[in-house]
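*Asks:* Here's a sequence, model it:
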Amino acid sequence: MYRRLFIIAVLLLTAVAAGGQSPPTPDQADQIRTLVQQVQQLQQRVTELEAKVSAYPTPVLYAGTAPVGSKPVPQETPAATVQAHQHEGAEAQAAVRQIETHYPSLQVRGFGDADFSTTDQKGTTSGFNLGQLDLHLASALSQKVSYFGEITFNAQPTGYTVEVERNIIRYDYNDFFKISFGRYHTPIGYWNTAFHHGAWLQTTIARPEMVKFGGTFIPIHFVGFLAEGNIPAGGLGLGYSVGVGNGRGENISRPGDAGDNNNNRAWVANLFVRPAKLYGLQIGASGYRDKITLADGRNFREWIGSAYLVWTKEHPEFLAEFANVNHELIMTGQSSNNQAFYAQLGYRLPWFERTVKPYYRFEYTHVPPSERLFTDTMDLVGSIAGVRYDITNYASFKAEYRNSRRTPGDPRVNGAFFQTCFTF
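*Replies:* Residues are numbered from 1 along each chain as shown. Here you go, the predicted structure:
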């Protein structure tokens with residue numbers, strides 16, 4: 001179109017120049033008027049198309065429970081791996097692009113890993129195992145409504161199991177308020193919502209004990225609704241998430257996917273700051289409240305408080321998180337407090353094109369003898385030292401040495417762990 005406009009303008013100038021040498025004939029005057037009208041029409045059309053392009057909404061990223069409009073995800077969790085939807089589509093007309101949006105627009109992203117381990121713990125075997133095959137499904141349903149799903153395939157001794165990890169539909173009213181319904185990773189602390197399934201997303205091979213998949217210390221998943229967004233606070237970067245839903249099921253490692261077993265709703269709240277002048281810093285606190293009913297009829301009140309501080313600049317990377325889980329047996333009023341924390345430090349070296357990242361993590365879990373609900377959760381004092389090598393932007397090798405002890409007085413367990421993980 002610009003080329004056509006240029007040609008018409010040249011013809012018009014030529015005609016005007018010619019007209020300056022001698023008075024235009026009636027035919028020439030008609031041609032000049034026609035050319036001027038065409039130029040004006042083309043200018044108006046270009047203005048309309050440019051207005052449409054500038055008014056087109058910025059692509060929206062959905063990263064679990066992180067509010068839209070937040071800062072880009074650091075290198076270890078690039079936005080391309082956690083994006084849930086992006087409205088896109090373009091139709092070229094000459095040199096001007098006119099963007100169109102198509103609904104639904106499904107996008108699929110996958111993660112996988114393979115592992116090898118060996119330890120000196122009695123009763124364990126060494127060897128290879130296939131990690132999770134993880135699929136992220138994202139689709140824009142309209143300009144403000146989107147869907148996100150996560151499905152994992154897990155290797156078991158008798159075959160494979162399929163698990164719906166996340167299943168969410170969300171309405172983005174604006175940057176300050178978004179509401180969604182479905183199955184989430186519970187927004188308690190930092191790790192559980194920052195690093196989802198897919199080992200490639202995290203620096204280390206394994207998650208900390210307090211937030212491991214299949215664990216019981218905190219409820220990893222949550223079924224209900226969640227409101228989230230940013231709070232106007234200047235450059236403080238204040239954000240929130242508040243949710244209500246089904247709490248733990250009779251098996252406390254799983255949520256009430258098929259319904260709440262005691263007709264008592266759980267709630268969760270998370271508040272955090274991400275100062276604009278200190279990009280990479282995030283400080284937050286979370287609270288969780290639930291009533292738990294076991295198969296034997298016992299009822300417990302559960303309070304969880306959590307706080308975290310993270311710095312995700314990669315040189316260094318620092319993650320620290322603490323949680324206290326309080327259980328009260330309603331029948332007797334007996335109460336117990338369980339604590340866990342971890343601190344992880346990593347540094348992406350400036351050599352080898354910044355593909356090498358050594359790291360260290362210390363973690364601690366304490367379950368007192370008075371605890372009556374965490375029967376399968378044990379004390380832990382452990383250290384992990386490892387290195388991650390990114391062979392491409394989409395695949396990595398990891399190697400770890402672990403040293404841990406479960407019960408005071410017991411011998412320490414040493415182990416070597418290796419993993420190759422990737423995204424596609």
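*Asks:* Below-threshold pLDDT in this structure: ranges please.
*Replies:* Filtered on pLDDT under 70, the chain yields the residue ranges 1-36, 39, 46-101.
*Asks:* Show the residue spans covered by the strands in the stretch 51-200 of the chain.
*Replies:* 90-93, 96-99, 105-119, 127-130, 133-140, 145-156, 159-174, 177-185 (DSSP state E, counting those that start in this stretch).
*Asks:* Work out the sheet partners of the fifth one and label each with its direction, please.
*Replies:* Partner strands for strand 133-140, per DSSP bridges, with pairing direction: strand 105-119 (antiparallel), strand 145-156 (antiparallel).
*Asks:* Burial-wise, tell me which of those strands comes out on top.
*Replies:* Stretch with highest mean neighbour count among those: strand 145-156 (a mean of 18; mean count of other Cβ atoms under 10 Å). Backbone N, C-alpha and C define where each C-beta goes, glycine included.
*Asks:* give me every residue that touches Phe217.
*Replies:* Residues near Phe217 by Cβ atoms under 8 Å, 6 or more residues apart in numbering: 209-211, 323, 325, 338, 340, 365, 374, 377.
*Asks:* so what's it closest to, chain neighbours aside?
*Replies:* Leaving out its chain neighbours, the residue that sits closest to Phe217 by Cβ to Cβ, 6 or more residues apart in numbering is Met210, at 4.7 Å.
*Asks:* For the nearest residue to Asp260 once chain neighbours are set aside, which residues are in contact?
*Replies:* Nearest residue to Asp260 in three dimensions, chain neighbours excluded: Asn246, at 4.2 Å (Cβ to Cβ, 6+ apart). Asn246 sits next to 222-224, 255-257, 259-260, 265-266 when contact means Cβ under 8 Å, 6+ apart.
*Asks:* wait, which of the strands paired with strand 133-140 is closest to Ser370?
*Replies:* Closest of those to Ser370 is strand 105-119, at 30.8 Å (criterion: Cβ to Cβ).
*Asks:* Figure out how far the closest one is from the centre of its chain.
*Replies:* Its chain's average C-alpha position is 15 Å from that of strand 105-119, according to Cα atoms, centre = their mean, to the nearest Å.
*Asks:* And stretch 349-363, by the same measure?
*Replies:* Centroid separation for stretch 349-363 versus its chain: 22 Å, with Cα atoms, centre = their mean.
*Asks:* Name the residues of it that come out as buried.
*Replies:* Of all the residues in stretch 349-363, those buried under the rule 16 or more other Cβ atoms under 10 Å are 355, 357, 359, 361-363.
*Asks:* Just the ones of those in helices?
*Replies:* Among those, none falls in helices (DSSP state H).
*Asks:* Max pairwise distance over those residues: which two?
*Replies:* Of all pairs drawn from the buried residues of stretch 349-363, the greatest distance, 26.3 Å, lies between Thr355 and Glu363 (Cβ to Cβ).
*Asks:* In space, what's closest to Lys291 - neighbours in sequence excluded?
*Replies:* In space, Lys291 is closest to Asn264, 4.1 Å off (Cβ to Cβ, 6+ apart).
*Asks:* you'd agree the one you found is up against Gly247?
*Replies:* Yes: in this structure, Asn264 is within contact of Gly247 by Cβ atoms under 8 Å, at 7.1 Å.
*Asks:* the domain parsing of the chain - what is it?
*Replies:* The chain breaks down by automatic domain parsing into domains covering 2-55, 79-423.
*Asks:* Looking at those domains, which one is packed in the most?
*Replies:* Using mean count of other Cβ under 10 Å, the stretch among these with the greatest mean number of neighbours is domain 79-423 (a mean of 17).
*Asks:* quick one: that domain to chain centroid distance?
*Replies:* From the chain centre to the centre of domain 79-423 is a distance of 9 Å (Cα atoms, centre = their mean).
*Asks:* Likewise for stretch 414-424?
*Replies:* Mean-position distance between stretch 414-424 and its chain equals 21 Å (Cα atoms, centre = their mean).
*Asks:* Identify all contacting residues around it.
*Replies:* For stretch 414-424, contacts defined as Cβ under 8 Å, 6+ apart pick out 81, 109-121, 131, 198-200, 205-206, 386, 394-403.
*Asks:* Kindly recompute the last result at 7 Å.
*Replies:* Surrounding stretch 414-424, the residues in contact under the criterion Cβ atoms under 7 Å, 6 or more residues apart in numbering are 81, 109-120, 198-200, 205, 394-403.
*Asks:* repeat for stretch 121-141
*Replies:* So stretch 121-141 is contacted by 62, 83-85, 87, 103-118, 146-155, 197-199, 413 (Cβ under 7 Å, 6+ apart).
*Asks:* Report the backbone C-alpha coordinates of that stretch in CSV.
*Replies:* Output of stretch 121-141 as CSV, limited to C-alpha atoms (Å, rounded to 0.1, in the frame of the first residue of the first chain):
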residue,chain,number,x,y,z
GLN,A,121,21.0,-46.4,52.2
LYS,A,122,20.2,-50.0,53.1
GLY,A,123,17.2,-51.5,51.3
THR,A,124,17.4,-49.2,48.3
THR,A,125,18.3,-50.0,44.7
SER,A,126,20.2,-47.9,42.2
GLY,A,127,19.5,-47.4,38.6
PHE,A,128,17.7,-45.4,36.0
ASN,A,129,14.1,-44.2,36.1
LEU,A,130,11.9,-42.2,33.8
GLY,A,131,10.7,-38.9,35.2
GLN,A,132,7.4,-37.1,34.4
LEU,A,133,6.2,-36.3,31.0
ASP,A,134,4.4,-33.0,31.5
LEU,A,135,2.1,-31.2,29.1
HIS,A,136,1.0,-27.6,29.5
LEU,A,137,-2.2,-26.7,27.5
ALA,A,138,-3.1,-23.1,27.1
SER,A,139,-5.9,-21.5,25.1
ALA,A,140,-7.3,-18.0,24.8
LEU,A,141,-11.1,-18.2,24.8
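*Asks:* all helices of this structure, in order?
*Replies:* Going by DSSP H, the chain shows helices at 2-21, 26-55, 79-82, 191-194.
*Asks:* Quick one: residues contacting the residue lying closest to Tyr288 once chain neighbours are set aside.
*Replies:* Leaving aside its chain neighbours, Tyr288 sits nearest to Ile304 (3.9 Å; criterion: Cβ to Cβ, 6+ apart). Taking Cβ under 7 Å, 6+ apart, we find Ile304 in contact with 188, 218, 287-288, 323, 325.
*Asks:* I'd like those as TSV, with distance to Asn230 appended.
*Replies:* Converted to TSV, the contacts of Ile304 look like this (distance: Cβ to Cβ, whole Å):
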residue	distance to Asn230
Ile188	20
Ile218	25
Gly287	19
Tyr288	22
Ala323	25
Val325	29
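*Asks:* No more questions from me, cheers.
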